[in-house]
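1. Take this sequence and fold it.
(one chain, ligands or ions: 1)
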Amino acid sequence: MESVIVTGGAGFIGSHLVKSIKEKYPNCVVHVVDSLTYAGNEKNLEGVEHELHKIDIRFSKDLEPLKNLKIDGIFHLAAESHVDRSIENPHIFLETNVIGTVNMLDLGMKYFSEFNPNFKFYHISTDEVFGSLDFNETKFSEETPYDPKSPYSASKASSDHFVRAYNHTYGLPIVISNCSNNYGTHQYPEKMIPVIINSIKNNKPIPIYGTGENVRDWLHVKDHAEAIIEIFENGIIGETYCIGGDCELNNLQLVFSICDLCDEYLGKDIKESRKLISFVTDRKGHDLRYAINTEKIKKDLGWKPKRTIKEGLKETIQWYMDPKNLDE
Ligand code: NAD
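-> As a prediction, this is how the structure comes out:
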């Protein structure tokens, strides 16, 4: 890895990926392509060497200045990523997640066909493309048929199809991974875990959708970044890999854990923060359960998550509790 593009590199997962790439390959030039929407912030890359290209991937013309770079791979993460926003305004999800991805694929084709036959396009996707599971259903795997339910997951599913189509039709070397919910530092505070921690920090009600029974699998963002690098280096071209934390929790279990760890951190009486929990009207079309089978990446690439949820949450709580970090 000498020179790569990370789209969405100043967002949550993208900024951790840039850091992990630079830790492993200090000489690699990392071009961050990001329009810095509300969700992106160059402060996420403070102290990390990178070249920022403030570009909106929805517009192919805006990508012109990148065409003559010599690039080994594109890690494509730029996306609109919040399900609630996709319910309010699906159109921007179509524009960024689908049209933006096709624009990036065109750029990838240029690198592949004109400069570098070893070029790879890595598309970072979500387990939400597989739809929703009942409590007793088998976990998602690479073979699960697509069945997206929200405008966000529909846009990600569509982008996955385009990426595979560029591989099949034009021979573009691609890999895709579908990952479960990530958590960690530097996540925009509208997402569930920062919302819980910031509510406790500010002594405000902790909003929980419906009855809190919805189940998600949680993975520390650094474990995700390390899996991405492993797949980029050793994954088979054209293949898909499911990534997850082997950590299924319902929302109520998760919020209880965070409350209790915050009480410990703040020196409060145990179970004090649980009193802030407030059940709110459920999200429209809320997927019941996501769970992911990670056998393939473990068996083929030897990757497995390293961080436990308890240590990952403690680190995350400490970061959000720091007054200098964003809380709204
Ligand atoms: P994020 O919202 O924190 O970051 C997205 C980044 O993309 C931001 O920096 C934003 O400025 C940039 N961006 C958005 N629209 C853009 C545009 N039109 N042009 C250029 N840049 C644009 O998202 P995240 O949570 O870091 O997710 C990154 C990727 O990983 C997404 O593709 C998402 O679908 C996928 N993913 C996320 C999770 C998760 O739990 N967060 C899980 C699985 C997969």
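
2. near the ligand, which residues of the stretch 151-300 of the chain?
-> Contact residues (C-beta under 6 Å from any ligand atom) of the stretch 151-300 of the chain with the ligand: 156, 179, 181-182, 188. Where C-beta positions appear, they are placed from N, C-alpha and C, glycine not excepted.

3. what about 5 Å?
-> Residues of the stretch 151-300 of the chain found near the ligand (C-beta under 5 Å from any ligand atom) are 179, 181-182.

4. Next, please give the residue ranges for the helices of this protein.
-> Taking DSSP state H, the helices of the chain run over residues 12-24, 83-88, 90-93, 100-110, 151-170, 192-201, 221-234, 251-266, 295-301, 309-321.

5. For the fifth one, enumerate the helices and strands it packs against.
-> With contacts defined as 3 or more C-beta pairs under 8 Å, 6 or more residues apart in numbering; DSSP states H and E, the secondary structure elements packing on helix 151-170 are helix 83-88, helix 90-93, helix 100-110, strand 120-126, strand 174-179.

6. can you redo these as JSON lines with mean neighbour count and distance to Glu239?
-> Listed next are the helices and strands packed on helix 151-170 as JSON lines, based on neighbours: other C-beta atoms under 10 Å; distance: least, C-beta to C-beta, whole Å:
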{"stretch": "helix 83-88", "mean neighbour count": "16", "distance to Glu239": "27"}
{"stretch": "helix 90-93", "mean neighbour count": "18", "distance to Glu239": "26"}
{"stretch": "helix 100-110", "mean neighbour count": "21", "distance to Glu239": "17"}
{"stretch": "strand 120-126", "mean neighbour count": "24", "distance to Glu239": "11"}
{"stretch": "strand 174-179", "mean neighbour count": "25", "distance to Glu239": "6"}
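
7. before we move on, the earlier item: relative to Ile236, which of the residues of the stretch 151-300 of the chain next to the ligand is nearest.
-> For these, the closest approach to Ile236 (C-beta to C-beta) belongs to Cys179, at 17.8 Å.

8. Please work out the residue of the stretch 1-150 of the chain nearest to the ligand and name it.
-> Nearest residue of the stretch 1-150 of the chain to the ligand, counting by C-beta to the nearest ligand atom: Gly11, 2.1 Å away.

9. separation between the residue located most distally from the centre of the chain and the ligand?
-> In the chain, the greatest distance from the average C-alpha position (C-alpha atoms, centre = their mean) is reached by Asp269, at 34.2 Å. Using C-beta to the nearest ligand atom, to the nearest Å, Asp269 is found at 32 Å from the ligand.

10. ok, and the closest non-adjacent residue to that residue?
-> Excluding the flanking residues, the one nearest Asp269 by C-beta to C-beta, 6 or more residues apart in numbering is Asp263, at 6.8 Å.

11. same deal with Lys204?
-> Once flanking residues are discounted, Lys204 sits nearest to Leu276: 7.0 Å by C-beta to C-beta, 6+ apart.

12. thinking the one you found is in contact with Ile206, fair?
-> Yes - contact criterion C-beta atoms under 8 Å: Leu276 and Ile206 qualify, at 4.7 Å.

13. And those two? Which one has more around it.
-> Ranked by neighbour count (other C-beta atoms under 10 Å), Leu276 and Ile206 place Ile206 first, with 21 against 18.

14. Quick one, grab the pLDDT at the nearest residue to the more buried one once chain neighbours are set aside.
-> The shortest distance from Ile206 to any non-neighbouring residue, by C-beta to C-beta, 6+ apart, is to Ser199 (4.3 Å). What the model reports for Ser199 is a pLDDT of 97.

15. Could you pull up the contacting residues of Ser199?
-> Listed by C-beta atoms under 8 Å, 6 or more residues apart in numbering, the contact set of Ser199 reads 205-207, 276.

16. hang on, isn't Ile309 packed against Ser257?
-> Yes - contact criterion C-beta under 8 Å: Ile309 and Ser257 qualify, at 7.3 Å.

17. coming back round to it: and the residue nearest to Asp269, how close does it get to the ligand?
-> Going from Asp263 to the ligand by C-beta to the nearest ligand atom gives 26 Å.

18. So that residue sits against Lys271, correct?
-> Yes - Asp263 is within contact range of Lys271, at 7.0 Å (criterion: C-beta under 8 Å).
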